[in-house]
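Visitor: Give the three-dimensional model of this entry:
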Amino acid sequence: MMKFSKMLLTLSLSFLCILIMTSSVYGEEKINGVSLADNVNIRETPKTDSKVLAKLTIGETTQILSNKNNWYFIKTSSGSEGWVLNDLIAADEEKDPIKRGIIATDILNVRKEPDTNSNIIHTLSKENKVIITNTQDEWYEIPLSETKNGWIHSDYVKVKPNYSMGKIIGDNVHLRKGNSLESEVVKELKLGAYIYVKNYSNGWYQVSTFDGEDGWVHNELMTVLFEDNIANTVSRSANRTSLKIVQEAKKLLGKRYKYGATGPNKFDCSGFTTYVFKKCGIKLPRTSSTQATVGKKVSKSNLQTGDLVFFNSNGKGTKISHVGIYIGNGKFIHASSGSKYSVIISDITTGTYNKRYVTARRVY
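Guide: Predicted coordinates for the structure are as follows:
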């Protein structure tokens, strides 16, 4: 009996150790991330031409399960899994498996394997930037293309956190201590200034300037920049033109509706869209029906920020009689001849405008 009890105790302790070790391993592997843009494509494989399985909204949290080259394999809160380019996710800095590096020598050989005797397959120059996706002894693995990797020696690389890059798109933008308009201003950032993007929360980007000052910038006043293949990797809701269109349109909220007016203080629906797009360097035809003939048709399920959305005012048939600008999250901005009789933001997914929706066009 004593012998059986000792055996049972030994087995129990062994099982407990396995549980603790397993918990520890999985605890270390859990890495949280936040989407830095709207309509970010989650792909079936880590390639920009791979099938899109789902999309992320800006600020949506994810769990990073693994990485390959400069892609994260993620899992969303709804259970969707797939691959996202690392530039589009702000990861936990301490646990991020991907780092960035700057070459610190005049010429650096990139080798096929992590060995000084391995074949040289590429060379890098001083100040070249690289993405580090793996380490082995004193070597870093870097992607040279979507299908080709190489190795560089760690002695010749300055390693930095895996921050995405951002660019200021407003004049004299306030860098604030916190993510609210009431927060103290740290400094002013000039139009076109580049910054590091560290996180996103409640409509604000957490950023760091090149001289090391940290703070928050409102998402309408900056855009996140991405490395290669931006057009295939992230929707236009993350690019500068789309953000500028939304910014210019929102400046006109509350302006009065007047049939035939094209601004700057009164608008009809197509006069409003023509005015906003002209401010962003894009010429549109004058009427809603002719605007519905330009660009490329897109489905309602694939709407992106900056798309033109069209409606039939009486809710019958497909004749175009109203137009607005999609601004994301099921909303659009337009000059309304309804009860508000002004430039307003409305919901496209429910109610009147859901019933009267006809089509959408992407014109840039």
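
Visitor: only C-alpha atoms for contact and neighbour calcs from this point on.
Guide: OK.

Visitor: low-scoring stretches of the stretch 151-300 of the chain, by residue?
Guide: For the stretch 151-300 of the chain, residues meeting the criterion pLDDT under 70 lie at 226-240.

Visitor: what ranges do the strands span in it?
Guide: Counting by DSSP state E, counting those that start in this stretch, the segments of the stretch 151-300 of the chain that form strands are 157-160, 164-168, 173-176, 185-189, 194-201, 204-208, 214-218, 222-225, 256-257, 266-267, 296-297.

Visitor: can you redo the ones you listed as CSV with mean neighbour count and distance to S321?
Guide: Below are the strands of the stretch 151-300 of the chain laid out as CSV (neighbours: other Cα atoms under 10 Å; distance: least, Cα to Cα, whole Å):
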stretch, mean neighbour count, distance to S321
strand 157-160, 17, 53
strand 164-168, 21, 37
strand 173-176, 21, 38
strand 185-189, 15, 42
strand 194-201, 23, 38
strand 204-208, 22, 36
strand 214-218, 23, 35
strand 222-225, 24, 33
strand 256-257, 22, 15
strand 266-267, 24, 15
strand 296-297, 14, 17
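
Visitor: between those, which gets nearest to I345?
Guide: Evaluated over the strands of the stretch 151-300 of the chain, closeness to I345 peaks at strand 256-257, with 13.5 Å, by Cα to Cα.

Visitor: From the contact counts, what lies against the closest one?
Guide: Strand 256-257 sits against strand 266-267, with contacts defined as 3 or more Cα pairs under 8 Å, 6 or more residues apart in numbering; DSSP states H and E.

Visitor: if you set the cut-off to 10 Å instead, what comes out?
Guide: The elements that strand 256-257 packs onto, with contact taken as 3 or more Cα pairs under 10 Å, 6 or more residues apart in numbering; DSSP states H and E, are strand 266-267, helix 269-279, strand 331-335, strand 343-347.

Visitor: mind checking which of the strands of the stretch 151-300 of the chain is nearest I64?
Guide: Distances from I64 to each of the strands of the stretch 151-300 of the chain were compared using Cα to Cα; the minimum, 15.0 Å, belongs to strand 194-201.

Visitor: Mind listing the strands the closest one pairs with, and their directions?
Guide: Under the criterion DSSP bridges, strand 194-201 sits next to strand 164-168 (antiparallel), strand 204-208 (antiparallel) in its sheet.

Visitor: Bridge partners for S208, pull those for me.
Guide: Listed beta-bridge partners, S208: Y196, D214 (assigned using DSSP bridges).

Visitor: so what's it up against?
Guide: By Cα atoms under 10 Å, 6 or more residues apart in numbering, S208 lies in contact with 163, 165-166, 175, 194-198, 214-217.

Visitor: Save the strands paired with strand 194-201 as JSON lines, and put in distance to E93 too.
Guide: Formatted as JSON lines, the strands paired with strand 194-201 follow (distance: least, Cα to Cα, whole Å):
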{"stretch": "strand 164-168", "distance to E93": "12"}
{"stretch": "strand 204-208", "distance to E93": "13"}
